[in-house]
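>>> need the 3D shape of this:
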Amino acid sequence: MAEENNTLLKMAMKNLKVKQAIELTYPDDDGLLNLIGYHLQQTIELALKHVLETHGIKYPKTHDILDLIVILPEEYRECTEAIKLRSREISHLEADTRYNKSYMASKELINSVGTLTVKLIDDIKTIEEIEKKKIEKQFSEQ
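Next up is the predicted model:
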């Protein structure tokens, strides 16, 4: 059954939990790097689509991270700059990890993208909290 009040950010965070569970359960299994990479890409994609959706911005049906970053509201541009620099590699984690039998994500890429992913989620939560407080302040002053 679908969860009540499910959001794209909650779905993103579930993908991040799957990534973390794989790492905890199989800490030395490099054969799972592609699977971890896929979940990292999905986390980033869903988090970015969450931002767009909550700001009323229609987003394209794409897995391309850069396509999503370039249409983000201005207040999210700084926190996605490092992801933007690696967006091509991150986007490849979606399809190459599933369909390209010779593709193998590197530990360096997974570690780097993992760090960027956690930071992105934290930054989105922080910005949303700031936006919420601004709205509450505006309503309280009326």
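
>>> how far away is residue 90 from residue 112?
10 Å (Cβ to Cβ, to the nearest Å). Backbone N, C-alpha and C define where each C-beta goes, glycine included.

>>> just residue 42 next, same as before
Taking Cβ to Cβ as the measure, residue 42 falls 17 Å from residue 112.

>>> out of these two, which sits in the busier spot?
A direct count of neighbours by other Cβ atoms under 10 Å for residue 42 and residue 112 places residue 42 higher, at 21 against 16.

>>> correct me if wrong: the more buried one contacts residue 91.
No. Using Cβ atoms under 8 Å, residue 42 is not in contact with residue 91; the gap is 11.3 Å.

>>> which residues does the residue most central in space within the chain contact?
Against the mean C-alpha coordinate of the chain, by Cα atoms, centre = their mean, the closest residue is residue 44 at 1.5 Å. Contacts for residue 44 were tallied using Cβ atoms under 8 Å, 6 or more residues apart in numbering; they are 12, 65, 83, 90, 113, 116-117, 120.

>>> what's the first helix or strand after the one helix or strand it maps to?
For residue 44, the host element (DSSP states H and E) is helix 33-54. Where DSSP H and E defines the elements, the next helix or strand beyond helix 33-54 is helix 65-69.

>>> tell me which residues in the helix ranked longest in the chain are buried?
Looking only at the chain and at elements set by DSSP state H, the helix with the highest residue count is helix 107-140. By 16 or more other Cβ atoms under 10 Å, the buried positions in helix 107-140 come out as 109-110, 112-114, 116-117, 120-121, 123-124, 127.

>>> mind picking the one among those that's closest to residue 8?
residue 124 (10.5 Å; Cβ to Cβ).

>>> from residue 10, how far off is the closest one?
For residue 124 relative to residue 10 (Cβ to Cβ), the value is 12 Å.

>>> for this structure, give me the ranges with low pLDDT.
Applying pLDDT under 70 to the chain flags residues 1-4.

>>> what is the burial count for residue 11?
Neighbours of residue 11 (other Cβ under 10 Å): 18.
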